[in-house]
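**Student:** can't give you the sequence, but here's the structure:
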């Protein structure tokens, strides 16, 4: 099943649910020493649970920019596939493109786009249209 971000009629494809969970798991494990959602509540609580009200998307944008910057300092070998089972690995193990130089550019959607860029596009559309941003599966 494919998951994506929906803003009204706009659809931003991400990929499968495990991939998106790895994104959240990596953020929390490496950047939130006090636990899930302690530093980045909008992305880790609201977005993770499937909905960010359009009024909160400017805060979400700030979180995304900071997260991307901080993940840029961490090796792609330190990806966390599942926060609840740290022994799990991505299906491709360490077989990644040499273009992936950090966790900031590790997450690429199933149609080849940088996940951070996809989220930022959805945020901008959500705010300009005054429509909530939602994670949905199809």
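**Tutor:** The structure has been received and is ready for your questions. Predicted, not measured: the structure shown is a model, and the values here were computed from it. Residues are numbered from 1 along each chain as shown.
**Student:** so what pLDDT did residue 48 get?
**Tutor:** We have a pLDDT of 97 for residue 48.
**Student:** in contact with it: list those residues for me.
**Tutor:** Residues near residue 48 by CB atoms under 8 Å, 6 or more residues apart in numbering: 24, 37, 135. Where you see a C-beta, it was placed from the backbone N, CA and C, and this is true even at glycine.
**Student:** apply 7 Å and report the result again.
**Tutor:** residue 24 (CB atoms under 7 Å, 6 or more residues apart in numbering).
**Student:** just give the number of residues close to the residue lying closest to residue 13 once chain neighbours are set aside.
**Tutor:** In space, residue 13 comes closest to residue 4 once its chain neighbours are excluded; the distance is 4.6 Å by CB to CB, 6 or more residues apart in numbering. Neighbourhood size, residue 4 [other CB atoms under 10 Å]: 21.
**Student:** now for the helix or strand hosting residue 4, which elements pack on it?
**Tutor:** According to DSSP states H and E, residue 4 maps onto strand 2-7. Packing contacts for strand 2-7, counted by 3 or more CB pairs under 7 Å, 6 or more residues apart in numbering; DSSP states H and E, involve strand 10-16, helix 115-129, strand 133-137.
**Student:** the shortest one versus strand 2-7: what angle between them?
**Tutor:** Using axes from the mean of the first three to the mean of the last three CA atoms, to 10 degrees, the interaxial angle of strand 133-137 with respect to strand 2-7 works out to 150 degrees.
**Student:** pairing partners for strand 133-137, with directions?
**Tutor:** Taking DSSP bridges as the criterion, strand 133-137 forms sheet pairs with strand 2-7 (antiparallel), strand 51-52 (antiparallel).
**Student:** please work out the average pLDDT along the last one.
**Tutor:** To tie it back to what came earlier, the one meant is strand 51-52. Mean predicted lDDT for strand 51-52 stands at 98.
**Student:** which residue, neighbours along the chain excluded, lies closest to residue 118?
**Tutor:** residue 12 (5.0 Å).
**Student:** confidence score at the one you found?
**Tutor:** If you check residue 12, the pLDDT there is 97.
**Student:** surely residue 69 is within a helix?
**Tutor:** Yes - counting by DSSP: H, G, I helix; E, B strand; the rest coil, residue 69 is located in a helix.
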